[in-house]
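Trainee: need a 3D model of the sequence below.
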Amino acid sequence: MITEPASARDHAEVSALVREVAATTFTSEKVRAAAATALGFDEVAWKQLVDLGWPSLALDPAIGGAGMGTFVQCLVHRELGARLAPSPYLASAGLASGALVLLGDDRATDLLASLGAGTRTAALVLGHGRGWPTDDGPAGLTATETPAGWIVDGRAELVLDGARADVLVVVARTADAWGLFEVDARIGAVSRTPAATVDATRALADLQLTAAPARCLRSRPVTTDEVSGLVDRMAVPLAAEMAGAAVACLEQTLEYLRTRHQFGRPIGSFQALKHRCADVAVALTVAQEMVFAAAEMVDAGDVAGLRIAGPLLLARSAEVFLHAAEEAIQLHGGVGFTDEVDVGLYYKRALVDGELLAPVADAYARLDLVRAEGAA
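Mentor: Numbers count the residues shown, from 1 in each chain. Modelled structure (predicted):
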């Protein structure tokens with residue numbers, strides 16, 4: 001178990017340890033092999049992350065967590081993103097656990113503890129779909145309270161880890177607001193269809209819930225603003241993974257430019273290529289600073305700050321990652337377009353990550369709306 005960090009030096013040591021473990025656990029060969037399996041990830045590798053205590057890093061020590069907060073957890077997300085790790089970590093430890101911490105109450109404690117211990121994995125399902133909800137917007141999932149308990153009906157598309165998670169953490173529309181629910185993903189009332197995307201390392205699924213029995217995880221309704229706050233919070237671990245992946249793109253490109261020779265010299269010595277790499281490096285530096293600034297907001301409970309930081313972080317991280325991946329392919333030349341070179345995998349991940357929570361255009365539209373409300 002990692003001891004609680006208290007300084008930038010401790011953060012650097014944690015990051016170095018995570019990087020070392022990720023580099024051996026998620027090599028290119030292992031990532032490709034795991035993504036090709038029916039499960040979509042390596043169970044042995046996942047157990048290793050669980051044994052190291054990584055799913056519980058940000059959780060309260062009262063439920064078995066390490067109490068290190070989102071900042072340290074994002075160090076893990078960054079390094080797993082750098083390796084394109086096919087793992088339940090983002091969906092379960094990052095998104096679902098984050099939703100339970102933000103929106104749940106004492107009813108969610110047992111589920112949160114099991115996710116931290118790694119005995120179960122969860123997928124977060126937003127009933128309104130992608131992006132930020134509105135009071136009058138469509139609801140793909142609705143929850144109804146019956147004499148026998150709550151049931152959830154409806155359809156959700158492109159749910160991260162939706163086909164392989166043990167539990168669904170569902171945000172569904174109720175009669176007067178929203179609610180947070182636990183649904184057993186393995187029951188017959190839940191139909192799970194793996195969704196085909198260009199990125200084999202991200203397991204997405206379309207879900208159909210038909211009167212699925214659900215356990216309410218919060219005694220009072222969830223407001224639309226709180227669901228929007230959840231989307232803002234979800235942007236942080238995803239952006240951390242995108243930042244890590246973008247850095248890996250640049251590192252692999254620089255290594256190629258050092259070893260590829262033309263006209264008797266490394267092509268990395270050509271000024272035009274240096275400029276392109278420098279532009280990517282500057283953008284990456286800013287993106288990473290944004291990630292960890294937003295993580296500090298999460299740890300401080302700065303909901304107002306995250307209303308601006310969330311959509312901005314999501315949009316810029318997606319743009320920077322896609323640009324880094326595109327430049328990596330271009331600067332690798334012809335081999336960059338082949339399946340044998342890893343930069344193509346990063347490009348596919350960038351395409352999927354850029355649409356996972358909300359398209360870039362929607363994130364900027366949300367940012368404009370929040371700014372307009374603040375100026376009013």
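
Trainee: identify the residues contacting the helix or strand of the chain with the lowest mean pLDDT?
Mentor: Ranked by mean pLDDT, DSSP states H and E, the helix or strand of the chain with the weakest confidence is strand 261-262, at a mean of 76. If you take C-beta atoms under 8 Å, 6 or more residues apart in numbering as the criterion, strand 261-262 is touched by Ile267. In short, each C-beta sits where N, CA and C put it, glycine included.

Trainee: sheet partners, orientation included, of it?
Mentor: Each strand paired with strand 261-262, and its direction, by DSSP bridges: strand 265-266 (antiparallel).

Trainee: chain center to the strand it pairs with: distance?
Mentor: Centroid separation for strand 265-266 versus its chain: 39 Å, with C-alpha atoms, centre = their mean, to the nearest Å.

Trainee: check what pLDDT the closest residue to Asp42 other than its chain neighbours gets.
Mentor: Leaving aside its chain neighbours, Asp42 sits nearest to Ala34 (4.1 Å; criterion: C-beta to C-beta, 6 or more residues apart in numbering). Ala34 carries a pLDDT value of 93.

Trainee: what helix or strand does Ala34 sit in?
Mentor: helix 28-35 (DSSP states H and E).

Trainee: just to revisit the earlier point, how far off centre is the least confident helix or strand of the chain?
Mentor: How far strand 261-262 lies from its chain's middle: 39 Å, per C-alpha atoms, centre = their mean.

Trainee: am I right that the residue nearest to Asp42 is in contact with Val44?
Mentor: No: judged on C-beta atoms under 8 Å, Ala34 makes no contact with Val44 at a distance of 9.5 Å.

Trainee: out of the two, which sits in the busier spot?
Mentor: It is Ala34, of Ala34 and Val44, that has more neighbours when counted by other C-beta atoms under 10 Å, with 22 against 10.

Trainee: let me see the contact set for that one.
Mentor: By C-beta under 8 Å, 6+ apart, the residues touching Ala34 are Gly40, Phe41, Asp42, Ala45, Pro86.

Trainee: what's the distance between it and Gln73?
Mentor: The gap separating Ala34 from Gln73 is 22 Å, by C-beta to C-beta, to the nearest Å.

Trainee: which residues in the stretch 151-300 of the chain form helices?
Mentor: 224-259, 271-300 (DSSP state H, counting those that start in this stretch).

Trainee: what angle do the longest one and helix 271-300 make?
Mentor: Orientation note: helix 224-259 sits at an angle of 150 degrees relative to helix 271-300 (axes from the mean of the first three to the mean of the last three C-alpha atoms, to 10 degrees).

Trainee: now do the phi/psi pair for Tyr89.
Mentor: phi -60, psi -50 (degrees, to the nearest 10).

Trainee: any low-confidence regions in the stretch 151-300 of the chain?
Mentor: 268 (pLDDT under 70).

Trainee: give me that answer again for 50
Mentor: Within the stretch 151-300 of the chain, no range satisfies pLDDT under 50.

Trainee: Arg130 touches Ala358, doesn't it?
Mentor: Yes: if you go by C-beta under 8 Å, Arg130 and Ala358 touch, sitting 5.1 Å apart.

Trainee: between these two, which is the more surrounded one?
Mentor: Each of Arg130 and Ala358 has its neighbours counted (other C-beta under 10 Å); Ala358 has more, 24 against 16.

Trainee: the closest residue to that one other than its chain neighbours: what's it in contact with?
Mentor: Distances taken as C-beta to C-beta, 6+ apart place Gly131 nearest to Ala358, at 3.9 Å, with adjacent residues excluded. By C-beta under 8 Å, 6+ apart, the contact set of Gly131 is Val231, Leu357, Ala358, Pro359, Asp362, Ala363, Arg366.

Trainee: could you look up the SS state of Gly131?
Mentor: Classification of Gly131 using DSSP: H, G, I helix; E, B strand; the rest coil returns coil.

Trainee: state the phi and psi torsions of it.
Mentor: phi 80, psi -160.

Trainee: how far away is it from Ala165?
Mentor: Shown here: Gly131 relative to Ala165, a distance of 22 Å by C-beta to C-beta.

Trainee: same deal with His323?
Mentor: Counting by C-beta to C-beta, the separation of His323 from Ala165 is 32 Å.

Trainee: same question for Val50.
Mentor: Taking C-beta to C-beta, one finds Val50 at 15 Å from Ala165.

Trainee: who's more crowded, the two?
Mentor: When neighbours are counted by other C-beta under 10 Å, Val50 and Ala165 differ, and Ala165 comes out ahead with 26 against 19.

Trainee: and the closest residue to the more buried one other than its chain neighbours, what's its pLDDT?
Mentor: Take Ala165 and drop its neighbours on the chain: the residue closest to it by C-beta to C-beta, 6+ apart is Ala123, 3.8 Å away. In the predicted model, Ala123 carries a pLDDT score of 98.

Trainee: which of the three states applies to Ala123?
Mentor: Assignment for Ala123 (three-state DSSP): strand.

Trainee: and it, what are its bridge partners?
Mentor: Going by DSSP bridges, Ala123 is paired in beta bridges with Leu168.

Trainee: report the central residue of this structure.
Mentor: Leu238 (3.2 Å; C-alpha atoms, centre = their mean).

Trainee: quick one: residues contacting Ala99.
Mentor: Leu124, Val169, Val171, Leu180, Leu230, Arg233, Met234.

Trainee: which residues are in contact with the residue nearest to Ala165?
Mentor: For Ala123, the contacting residues are 91-92, 95-96, 159-162, 165, 167-169, 185, 205, by C-beta under 8 Å, 6+ apart.

Trainee: ok, Val222 to Pro133 distance?
Mentor: As judged by C-beta to C-beta, Val222 and Pro133 stand 10 Å apart.

Trainee: mutual contacts of those two, please.
Mentor: Trp178.

Trainee: no further queries at this time; thank you.
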